[in-house]
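> From the sequence below, what's the structure:
(one chain, ligands or ions: 1)
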Amino acid sequence: MRIDEILAHNERFLQQTQLPVIGHAPRKHLAVVTCMDCRLVQMFEQALGLERGDVLELRTAGATISEEERKDAANDLIRSLAGGIYLLGVREVAVIGHTQCGLAHVNPTALIASMQALGVDPQKLIEQEELGDVQGLLRWLGAFNDVHVNVRQVVNVIRNSPFLPKIPINGLVIDINTGKLDLVDRAA
Ligand SMILES: [Zn+2]
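Numbers count the residues shown, from 1 in each chain. Prediction:
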């Protein structure tokens, strides 16, 4: 398993590296919400000029808040932002979607086939979670068609959350191939 590879690397890392001790409050008082895409690893921080200790990074599939969450309080993204804002001094948020996202244009047939191949019954999940149909399943997953529209939606959910204060919430899209940022919704 990969975990053995990681543990072996970690032993070498500890022998070679001594990290400086820094505080847990983000120096830039900023939280960034982005996707879990593997191509963002390292590139994301480099493209934004971020160092260890600068910002909180929250990653969800598609940088998306599931539309099926009817109550904000149950939403992990809102909960994490609340922790960042109330406990760690965050005063600005940037939601950053990206081009060529795996959650964009999800093929429902492929999704269902993949679930079934791995022994999970999509229909049972749809019924149990009252998702309605396959489209509901896609919404639960956070799938979307247009990254710019999706970023604006997530920005609005965060802006309108009764659990969060009125602080600047910005929406951006990063080009996964070049790292170029496109500001799609600047906080007022
Ligand atoms: Zn993505």
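> May I see the buried residues of the host helix or strand of Ala47?
Assigning secondary structure by DSSP states H and E places Ala47 in helix 43-48. Going by neighbour count (16 or more other Cβ atoms under 10 Å), the buried part of helix 43-48 is Met43, Phe44, Glu45, Ala47, Leu48. All C-beta atoms are positioned from the backbone trio N, CA, C, and that covers glycine.
> so can I have CSV of the residues you listed showing distance to Val95?
As requested, those are exported to CSV (distance: Cβ to Cβ, whole Å):
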residue, distance to Val95
Met43, 18
Phe44, 13
Glu45, 17
Ala47, 16
Leu48, 13
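> which residue packs closest to Asp146, ignoring adjacent ones?
Distance criterion Cβ to Cβ, 6 or more residues apart in numbering; nearest residue to Asp146, sequence neighbours excluded, is Ala104 at 7.7 Å.
> give me the beta-bridge partners of that neighbour?
Beta bridges link Ala104 to Phe144, judged by DSSP bridges.
> and it, what does it touch?
Gly62, Ala143, Phe144, Asn145, Asp146, Val147, Asn150 (Cβ atoms under 8 Å, 6 or more residues apart in numbering).
> hmm, back to that, could the buried residues of helix 43-48 be laid out in a markdown table, adding distance to the ion?
Formatted as a markdown table, the buried residues of helix 43-48 follow (distance: Cβ to the ion, whole Å):
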| residue | distance to the ion |
| --- | --- |
| Met43 | 13 |
| Phe44 | 11 |
| Glu45 | 16 |
| Ala47 | 15 |
| Leu48 | 16 |
